[in-house]
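Novice: sequence-free structure coming up:
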């Protein structure tokens, strides 16, 4: 074996995040914070397979999504890796409909796969952290208001401060487009594309382009008045009402939005952490009511870090049962990458071990005894076993791993019953009894 | 959409575990317990991709393993899903050698994939929970003794009582075979196969079969004396020594085993939770020293629920660096399945929410206020929003989800400032102030 020559290069695929332990600790703390926050609101955990049959996973997909999916044959089976957690949820709810209690509040945190073009900060394997509330036939609109309060709580728990949850209702846009164009239309996305350019090309050019795609003068006026709505959340809702758009869908959308805003305040979300933004749309067919996007105010170019919304029917491809829902997703891998780059990750602990036990003598009896006592008291501790190493190497090990304390066990210590404990950050050393060390560590 | 007729059956692939939320809660508690136990001993987390290039993943594999691997092409890339966490660890340590501190103590909990023949209790996607300690050039034998103490602690934390960690040292078997057969031999596995049958076919027939595969009378005597060794751990080690096998490897193996047993006791593992078992081998080429298997004493037929051992060189396929290590793996998916079947899972909590807040009135101000206060106090709570449902339906919801307490908010409650809290298990109801409810829930 010694003279084996052909080594394989130990490389990880591009687009797949693999962290060093010190970064993994931070990543896991973020994941743990999100999980705790979701559980705080009573969401139930589920865990679905990463591999599903292609038939199930791609029942709805098409176009761009389908091209990105990892799919393959295994024996006679056409398999695929999940590309989000929503399709597996739909399958899960349809398959387990009779066993579940509704409203079904579930969270799922897991890896998903998309064969995107590899580029910096884009990942082919990434964690999504999703919550959804699924109703049986109907789902109260107050759920749409609780979701932003959970986003607010979760990001606050992550140590983020300057962020805004933007809220809109798709019925307003849908109704408006249908109203100004008369009846059903699929020009919606084109209109959105044009009005998105208003800051770049100015109002006059937007008017011209809207005319080119076939809007009447009156329709254009409606659209321009609509996108010009500015102000506080309440001012926007008032201005919307003043547009007097005589369309039932628009009216319903405004009513829902008003109800959502009222309850968001009840949930205690501060005014500067949410706002109504009438231009956010989140794709044109999946979402049917409330929609959310979340931005770091100082880093808007990153795009939304948490998005979602209300949908009419979760699982129409699998069941006749009507299952309306509302949910959001945090793309944790990308969020971690970004926050790590801009230095916004707040570490709770930088190490796993709180104490490194170092023995100056070969007999490990006392070292093991002390490590055991620390662990019994709930304190993470490890022993440096290799006594061929010098004390300096052992301190260096603690230092590199950011272990905050080293306990030193030598002959003198055993005789006196007082052990040296060194604070690795301050360099301070004290000699004291085990009971006192336990007390210090528990604080 | 309403009249869509072709529904896809929402089925999960065979061999893939998908749990209902009440079981998922138990599964997650087990995983959390294992994670905490591993961290208690200072193991660092890593998370490697599920997809690797086939070249990297299969650098060493062959035979049965390779046949079971999920592999596929994506573009021009030959990819594969990881089938264990050891090969990714080898790649990780070789790739990040200069950034890591040694001994490198890492844990990893994640899904792995094997296309085994589907049968009840066997899974194609399953969680492994691994710890390994990797040395740089060398690794102290005390690590081999700490591992069984971690197994002991982990299974105790999982609420298991009647289990035994069996320990052996491969050098004893290897040296014995080499000694009795003269020099290097690959008859080891055949000899093992024959002696495994001794309880079925009796000593005489074992002697005959050993002769058939070419062992001399003297060699057979050694093997039979060896496998007849019985008694306590100390008696076995003494008997081993009395065999006087003049072979350096055997001597070294006995010495290591003795050292490991001595330190296992130091770590505080009770005598009835571990034993030396000279017959366990764990495959013939990977492990080179100490080996472990763990059995539930009343369910031995299940096989080992936690196995591992010492290896000379973790990453010889990727690097020239010598990286000896010792580790174990718990196959959590199968373990959960088995413990769930035989009723050995101890639930810490059966629900996520501790409190369901139920409003008897449409104004949710007070309900949201109380839920917020509970959450601020660290208590998982949810509100039943749908007021079209009767109170009975709301209690049923709490019941099905095993939520232990329901707080009821009605007009009388708001007027008096005393809210009804119902213990769902006992049916007991009391009326009290919010501060008192918070106190009750915190206990």
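Specialist: Right, received. Where do you want to start? It should be emphasised that the depicted structure is a prediction, and the values quoted were computed from it without experimental measurement. Residues are numbered from 1 along each chain as shown, chains lettered A, B, ... in the order given.

Novice: Secondary structure element holding the closest residue to chain B within the stretch 301-443 of chain A?
Specialist: Chain B sits closest to residue A:382 of the stretch 301-443 of chain A, with a gap of 3.0 Å, by Cβ to the nearest Cβ. Just so you know, the C-beta spots here come from the backbone N, C-alpha and C atoms, and that holds for glycine as well. Per DSSP states H and E: residue A:382 is located in strand A:381-384.

Novice: how about that strand: buried residues?
Specialist: For strand A:381-384, a neighbour-count test (16 or more other Cβ atoms under 10 Å in any protein chain shown) marks A:381, A:382, A:383, A:384 as buried.

Novice: Repeat that for stretch A:31-43.
Specialist: Using 16+ other Cβ under 10 Å as the burial criterion, the residues of stretch A:31-43 that qualify are A:31, A:33, A:34, A:35, A:37, A:38, A:39, A:40, A:41, A:42, A:43.

Novice: got the residues of the stretch 51-200 of chain A near chain B?
Specialist: Proximity of the stretch 51-200 of chain A to chain B, by Cβ under 8 Å from any Cβ of the partner chain, involves residues A:51-53, A:55-56, A:59, A:70, A:72-75, A:77, A:79, A:90-92, A:94-96, A:99-101, A:103, A:105-106, A:111, A:113, A:115, A:124-125, A:135, A:138-140, A:142-143, A:146, A:153.

Novice: Kindly report the same for the stretch 201-350 of chain A.
Specialist: Near chain B, when you scan the stretch 201-350 of chain A using Cβ under 8 Å from any Cβ, you find A:263, A:266, A:267, A:268, A:313, A:315, A:316, A:317, A:318, A:319, A:320.

Novice: 10 Å instead, please
Specialist: A:262-263, A:265-268, A:285, A:312-313, A:315-320, A:322 (Cβ under 10 Å from any Cβ of the partner chain).

Novice: Count the residues that sit near whatever residue of the stretch 51-200 of chain A ends up closest to chain B.
Specialist: Per Cβ to the nearest Cβ, residue A:72 is where the stretch 51-200 of chain A lies closest to chain B, at 3.2 Å. Residue A:72 has 18 neighbours, counted by other Cβ atoms under 10 Å in any protein chain shown.

Novice: Please name the nearest non-neighbouring residue to it.
Specialist: Nearest non-adjacent residue to residue A:72, counting by Cβ to Cβ, 6 or more residues apart in numbering or on different chains: residue B:72, 3.2 Å away.

Novice: Please spell out which residues along the host helix or strand of the one you found are buried.
Specialist: Secondary structure assignment for residue B:72, by DSSP H and E: strand B:71-74. For strand B:71-74, a neighbour-count test (16+ other Cβ under 10 Å) marks B:71, B:72, B:74 as buried.

Novice: tell me the pLDDT at the last one?
Specialist: Pointing back at residue B:74 there. On the pLDDT scale, residue B:74 is placed at 90.

Novice: Now that it has come up, it's in contact with residue A:115, right?
Specialist: Yes. At 5.9 Å, residue B:74 counts as touching residue A:115 under the criterion of Cβ atoms under 10 Å.

Novice: Which neighbours do the two have in common?
Specialist: A:69, A:70, A:71, A:81, A:124 (Cβ atoms under 10 Å, 6 or more residues apart in numbering or on different chains).

Novice: Who does the residue nearest to residue A:72 form a beta bridge with?
Specialist: Counting by DSSP bridges, residue B:72 forms beta bridges with residue B:79.

Novice: got the contact list for it?
Specialist: Residue B:72 makes contacts with A:70-74, A:79, A:81, B:51, B:54, B:78-81, as judged by Cβ under 10 Å, 6+ apart.

Novice: And the helices in the stretch 151-300 of chain A?
Specialist: Per DSSP state H, counting those that start in this stretch, the stretch 151-300 of chain A carries helices over the ranges A:170-181, A:188-195, A:198-212, A:217-227, A:233-242, A:248-266.

Novice: Determine which stretch of the ones you listed is the most buried.
Specialist: Most buried of the helices of the stretch 151-300 of chain A, by mean neighbour count (mean count of other Cβ atoms under 10 Å in any protein chain shown): helix A:170-181, with a mean of 22.

Novice: quick check, distance from that one to the centre of its chain.
Specialist: 30 Å (Cα atoms, centre = their mean, to the nearest Å).

Novice: For that helix, name the packing helices and strands.
Specialist: helix A:188-195, helix A:217-227, helix A:248-266, strand A:290-296, strand A:307-311 (3 or more Cβ pairs under 10 Å, 6 or more residues apart in numbering or on different chains; DSSP states H and E).

Novice: would you turn those into a markdown table with mean pLDDT?
Specialist: Shown next, in a markdown table, are these (pLDDT from 0 to 100):
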| stretch | mean pLDDT |
| --- | --- |
| helix A:188-195 | 81 |
| helix A:217-227 | 88 |
| helix A:248-266 | 97 |
| strand A:290-296 | 96 |
| strand A:307-311 | 96 |
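
Novice: Run through the strands of the stretch 1-150 of chain A in chain order.
Specialist: A:44-45, A:51-53, A:71-74, A:77-81, A:104-113, A:125-134 (DSSP state E, counting those that start in this stretch).

Novice: Neighbouring strands - and their directions - for the fifth one?
Specialist: Going back to what we said before, that points to strand A:104-113. Per DSSP bridges, strand A:104-113 is paired in its sheet with strand A:44-45 (parallel), strand A:125-134 (antiparallel).

Novice: May I have the beta-bridge partners of the residue nearest to the spatial centre of chain A?
Specialist: The C-alpha lying nearest the average C-alpha coordinate of chain A belongs to residue A:330 (Cα atoms, centre = their mean; 2.1 Å). Beta-bridge partners for residue A:330, by DSSP bridges, are residue A:129.

Novice: hmm, back to that, what's the most distant pair in the residues of the stretch 201-350 of chain A next to chain B?
Specialist: Farthest pair in those (Cβ to Cβ) is A:268 and A:320. Separation: 39.0 Å.

Novice: Least confident of the strands of the stretch 1-150 of chain A, on average?
Specialist: strand A:71-74 (a mean of 92).

Novice: For residue A:3, give me the pLDDT.
Specialist: Note on residue A:3: pLDDT of 47.

Novice: coming back round to it: what subset of the buried residues of stretch A:31-43 is also close to chain B?
Specialist: Among these, chain B is touched by A:31, A:35, A:37, A:38, A:39, A:40, A:41, A:42, A:43 when using Cβ under 10 Å from any Cβ.

Novice: so residue A:201 sits right up against residue A:210, yeah?
Specialist: No. Between residue A:201 and residue A:210 there is no contact under Cβ under 10 Å: 11.6 Å.
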